[in-house]
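Colleague: got a sequence here, can you build the structure:
(one chain, ligands or ions: 2)
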Amino acid sequence: MLILGIESTCDETSAAVVQDGREILAEETASSAEVHRLYGGVFPEMACRRHIDAILPVISSALQKASVFPQDLDAIAVARGPGLIGALLIGLQAAKGLSIAWDKPLIGVNHVEAHLYAAMMAKTPLFPAIGLVLSGGHTLMLEMENAGSYRLISTTVDDAIGEAFDKTATLLGLAYPGGPALEQMAKTGNGAKISFGLPKVKNNPLAFSFSGLKTAALYATKQASQEDYPDIAAAFQETAFADLLRKTRLAMQTRSCRSLVFGGGVCNNRRLRDLFQEQFPGLPQFWPAPGLSADNAAMIAGLGYHKFIASNGQGDPLDLEALPRTPFWN
Ligand code: KG4
Ligand code: ZN
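Modeller: Numbering: from 1, shown residues only. Ligands and ions are numbered 1, 2, ... in the order given. Sure thing, here's the model as predicted:
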């Protein structure tokens, strides 16, 4: 079964053709990150203008690369949220228009659920599992009964982890989105030289909070010279990841957990993967394949396939709305 996936929740315009929820035949992505770099963060209006320009070209390019004609498709899956409302509407309207023009069912997919699906695309995890979504917009820990049944364990009370990486990277003079550059800078630093306290949320030991850590990094940069910046980057990264490890371990104490499933752009970070693999050596871990951590349409098409099957091939009605905030868990 062939699904066309469309992703436009933030600053990536992406289209992909995926077979049977697993095999990526082609993907085409246009990013407007270089525009946002000038502003130090995503500028929604600029993102929307770029989506409008890019959406049809990325779709036709993905189809061409996959050697798939519109009539070969079984359905069109689109990320309906969460994300920037204007950006979501552009992907959704394109998907609806093509659904009518090509007479193909439409399927709405939750972008954050798709981030977790990205890690399950190649291989099905062992359930029950604990899922961690670590992205620029979200930090979530979830109990997963199976692929499709989620219960929220905890989330962040302030910044998302990727957002904290990006803001701290800006303090260290790195261009937006600075997460990957901060990881590189941290490699040349010594995190042990600076001690940042582990984040704590009052009365909620499993909740995340990264804004205090970012502020601690701010004060450290004010007292430091530029050659100390790598130490600050390393201390920030080590503390943020120690917090994830500690809270995952704590959550596992009261839940059965046969594997860990990861999703979101921060999963590109090699140090994060090494730490989890070191600290949970016997526990199977499912990480997104290269190219599937950050925003992409393959994960949307992949999850869309399962939603399409679950709807008995009906898909969603054409008045499907964008959902900028609605959660996907119980
Ligand atoms: O999943 P994603 O592409 O977008 C959202 O749905 O938010 O995640 C983007 C986030 C950005 O904050 C980016 O800096 C962060 O993922 N990121 C990283 C790394 N690569 C991307 N953070 C830390 N280390 C990395 N290597
Ligand atoms: Zn995302």
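
Colleague: which residue does the stretch 151-300 of the chain bring closest to ligand 2?
Modeller: D295 (4.3 Å; CB to the ion). The C-beta positions use only the backbone N, C-alpha and C, and glycine is treated the same way.

Colleague: for that residue, which non-adjacent residue is spatially closest?
Modeller: Distance criterion CB to CB, 6 or more residues apart in numbering; nearest residue to D295, sequence neighbours excluded, is E12 at 4.3 Å.

Colleague: ramachandran angles for the one you found?
Modeller: According to degrees, to the nearest 10, the main-chain angles of E12 amount to phi -110, psi 130.

Colleague: report pLDDT for it.
Modeller: The predicted structure scores E12 at 97 on the pLDDT scale.

Colleague: give me the distance between it and I85.
Modeller: Per CB to CB, to the nearest Å, E12 is found 16 Å from I85.

Colleague: cool, I6 as well?
Modeller: Counting by CB to CB - I6 and I85 are separated by 16 Å.

Colleague: what's the answer for I76, then?
Modeller: Taking CB to CB as the measure, I76 falls 20 Å from I85.

Colleague: show me which of those two is the more surrounded one.
Modeller: Of the pair I76 and I85, I76 is the one with more neighbours under other CB atoms under 10 Å, namely 27 against 15.

Colleague: thought the more buried one was touching S99?
Modeller: Yes - the pair I76 and S99 passes the contact test of CB atoms under 8 Å, sitting 5.2 Å apart.

Colleague: mind pulling up the pLDDT for the most centrally placed residue in the chain?
Modeller: Centrality entry for the chain: nearest residue to the mean C-alpha point is G264, 2.7 Å, by CA atoms, centre = their mean. Turning to G264, the model gives it a pLDDT of 98.

Colleague: joint contacts of I76 and S99?
Modeller: Residues touching both I76 and S99 comprise P105, L106, with contact defined as CB atoms under 8 Å, 6 or more residues apart in numbering.

Colleague: quick one: contacts for the nearest residue to the residue nearest to the centre of the chain once chain neighbours are set aside?
Modeller: Of all residues not flanking G264 in the chain, S135 sits nearest, at 3.1 Å (CB to CB, 6+ apart). Applying CB under 8 Å, 6+ apart to S135 gives the contacts V112, H115, A160, I161, G162, G263, G264, G265, V266.

Colleague: over to Y150?
Modeller: Residues in contact with Y150 (CB under 8 Å, 6+ apart) are E113, G131, L142, E143, M144, F328, W329, N330.

Colleague: the same query, at a cut-off of 10 Å, please.
Modeller: Each residue near Y150 by CB atoms under 10 Å, 6 or more residues apart in numbering is listed here: 110, 112-113, 116, 129, 131, 140, 142-144, 327-330.

Colleague: picking that back up, what about the residue nearest to D295, how many neighbours?
Modeller: Neighbour number of E12 under other CB under 10 Å is 22.

Colleague: what residues does the stretch 201-330 of the chain have near ligand 1?
Modeller: Near ligand 1, the residues belonging to the stretch 201-330 of the chain are G264, G265, V266, N268, N269, A294, D295 when assessed by CB under 6 Å from any ligand atom.

Colleague: could you verify my assumption that the second one touches A294?
Modeller: Yes - taking CB atoms under 10 Å as the definition, G265 is a contact partner of A294 at 4.2 Å.

Colleague: so what sits against both of these two?
Modeller: Contacts common to G265 and A294, judged by CB under 10 Å, 6+ apart, are H115, S135, G136, G162, P177, G179, P180, P288.

Colleague: pipe those into TSV and attach secondary structure per row.
Modeller: Rendered in TSV, the data for the shared contacts of G265 and A294 read as follows (DSSP: H, G, I helix; E, B strand; the rest coil):
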residue	secondary structure
H115	helix
S135	coil
G136	coil
G162	helix
P177	coil
G179	helix
P180	helix
P288	coil
